[in-house]
Structure formats: structure tokens, C-alpha cells
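Novice: sharing a model prediction with you, sequence too.
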Amino acid sequence: MIKIENLSHQIGGKPILSGINADIPRAGITALIGPNGAGKSTLLSLIARLERIQLGTVHVDDLQIGQCSDRELAQRLSILPQMPDQPLRLTVRELVNFGRHPYHAGRPSAADHAKVKEAIEVLGIEDLADRSLETLSGGQRQRAQIAMIFAQDTTYMLLDEPLNNLDLAGSRTLMRILRRVSDDHGKTIVIVVHDINIASRYADRVVAMKGGRIARQGSPIEVIDAALIRDVFETDAELIEIDGGRIVLS
């Protein structure tokens with residue numbers, strides 16, 4: 001479980017997060033939703049230790065962020081930021097191999113190579129393995145990057161807006177893959193998404209944020225309703241129920 005207690009954060013004296021308390025259970029997909037500037041990406045960065053915690057605590061199972069080593073955390077939790085900085089001349093296989101670095105520190109074993117092969121197969125990119133990143137489409141590159149963090153073999157995978165710049169088909173394909181990764185491999189996936197219908201369709205748990213605070217959290221059917229759309233997103237929209245979930249109509 002990821003346990004967040006009394007987490008607050010400022011940038012330049014401006015509050016970005018205020019008094020965040022949340023539990024993210026093991027297994028399943030948790031979607032962070034909310035308008036721009038709600039603090040979703042900042043929260044993800046603090047959990048992943050990309051930014052220093054100023055006030056409050058975050059525990060990843062028995063590890064307290066800021067009190068454990070980077071290597072120890074990297075074997076428990078992986079993150080794909082919004083704009084990963086990777087040389088485009090790398091092949092997909094070379095990129096995915098970076099996910100094993102917390103274990104082999106530059107000297108990969110047969111077990112590491114096996115994990116890389118598994119990650120490429122799970123993400124369905126075997127035919128891209130020896131192509132350079134610069135030759136890939138946006139959706140293909142995103143799947144290669146997720147294969148890299150899958151190869152890191154962590155319990156928790158954090159994804160910051162992985163659907164950005166993907167079309168409808170690319171978004172659906174990626175979310176179906178992530179659903180299988182969670183269900184078949186027991187991964188806990190925390191994902192920042194802007195499309196509330198994606199959260200409703202694919203997430204097990206939703207954390208809705210506004211103004212650096214948590215407005216509501218729970219299952220999609222508990223969280224996503226007309227009041228949430230009005231209070232958090234400041235708009236009115238019609239919702240319909242399909243297969244036990246709710247879809248927001250534009």
C-alpha cells in the first residue's frame with residue numbers, strides 16, 4: 001500500500017498541495033483525475049521521490065520516502081514522467097534494458113535479459129525491439145517506455161499522463177494493455193488521466209483532486225457523478241450508466 005499522510009507542498013511560496021491524505025491499495029489501477037493545476041503530477045512526483053517532501057509523509061509499504069535509499073525504492077516503485085528524457089537513437093531493446101539498472105548496475109545477467117524479453121512481449125512490441133525510438137509513432141514509443149518500467153519489476157508503476165498525444169485507438173490500446181498488466185501480473189498502477197471516461201472504464205479506484213486537495217476518492221461508481229463534474233470540473237454534463245459504470249456525455 002502507498003500511504004500518504006498530511007502531505008503539503010509549495011513552489012515559490014505558492015501552495016500546490018494541502019493536507020493530502022490517501023491510501024492507494026496494492027493491485028489494480030488507481031486514476032488521479034482533476035482539472036489542470038489540481039496537483040496530480042506534483043503528487044505523483046513526491047511519491048516517486050522526484051521532488052523532496054516538504055511536509056507530511058509517504059510510505060510505500062514499509063519504506064518511508066526520504067528515509068530509504070534510491071536503489072531500494074527503485075526496486076519497489078517505478079515512474080514514467082510526462083516528458084521522459086531518453087536519447088531517440090536508442091533501440092527499444094536498449095531502452096527497456098534501462099529498467100533493469102537498479103538490479104544489475106551496468107552488468108546485466110541472463111535473468112535481466114529474460115526480464116527485458118518478457119517486458120517487450122507483455123507490451124506487444126516484439127516487432128519493434130531492434131528499431132530506434134526516433135522511428136516510432138507516439139503510441140509505439142509510449143509502449144516502449146512502459147515496457148522499460150515494467151522490466152524494472154516493481155510492485156508499483158506510476159504513469160504521469162501516458163495518454164497525452166495519443167489518438168482514440170492508441171489510448172484504448174494502451175489502457176487495455178495496462179489493465180492486463182495489472183490483472184495478470186499483479187501490478188499496482190497509478191495513472192494521471194484527463195479523460196474522466198477512461199478513469200470510469202478502466203480504473204478500480206479514482207482520486208479526484210481540485211486546488212491541491214482531494215475532493216473525493218473511492219471506486220468510479222462512488223466518485224463519478226453529476227456533483228463531481230459540477231464541483232471539481234466546474235461544468236455541467238449529462239451522465240449515463242453503462243455496464244455498471246458511468247459515462248460523461250460531452
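Specialist: Happy to help now that I have it.
Novice: figure out how far whichever strand or helix holds residue 179 is from the centre of its chain.
Specialist: Take DSSP states H and E as the rule and residue 179 turns out to sit in helix 168-185. Centroid separation between helix 168-185 and its chain, computed with Cα atoms, centre = their mean, to the nearest Å, is 12 Å.
Novice: list the helices and strands that helix packs on?
Specialist: strand 28-33, helix 110-122, helix 138-151, strand 188-192, helix 196-202 (3 or more Cβ pairs under 8 Å, 6 or more residues apart in numbering; DSSP states H and E). No exception for glycine: its C-beta is placed from N, CA and C like everyone else's.
Novice: what is the mean pLDDT for it?
Specialist: Averaging pLDDT along helix 168-185 gives 93.
Novice: what residues does it touch?
Specialist: 27-29, 122-124, 137-139, 142-143, 146, 150, 157, 159, 162-163, 166, 187-189, 191, 195, 198, 201-202 (Cβ atoms under 8 Å, 6 or more residues apart in numbering).
Novice: do that again at 10 Å, thanks
Specialist: 27-30, 118-119, 122-125, 137-140, 142-143, 146-147, 150, 153, 157, 159, 162-167, 187-189, 191, 193, 195, 198-199, 201-204 (Cβ atoms under 10 Å, 6 or more residues apart in numbering).
Novice: find the least confident helix or strand in this structure, judged by mean pLDDT.
Specialist: Using mean pLDDT, DSSP states H and E, helix 101-104 stands out as the lowest-scoring helix or strand of the chain, at a mean of 82.
Novice: what's in contact with that one?
Specialist: By Cβ under 10 Å, 6+ apart, the list of residues contacting helix 101-104 reads 70-76, 78, 97, 108-109, 111-113, 115, 148, 151-154.
Novice: buried set for that helix?
Specialist: Neighbour-count burial for helix 101-104, counted by 16 or more other Cβ atoms under 10 Å, picks out 101-103.
Novice: any weak-confidence spans in the protein?
Specialist: Applying pLDDT under 70 to the chain flags the ranges 83-86.
Novice: the domain parsing of it - what is it?
Specialist: 2-76+154-249, 85-153 (automatic domain parsing).
Novice: quick one: distance of the longest one to the chain centre.
Specialist: Put plainly, it is domain 2-76+154-249. 7 Å.
Novice: end to end, how far does that domain reach?
Specialist: In domain 2-76+154-249, first residue to last residue: 33 Å (Cα to Cα, to the nearest Å).
Novice: how much space separates residue 6 from residue 208?
Specialist: 19 Å (Cβ to Cβ, to the nearest Å).
Novice: which one of those two is surrounded by more residues?
Specialist: residue 208 (25 against 11; other Cβ atoms under 10 Å).
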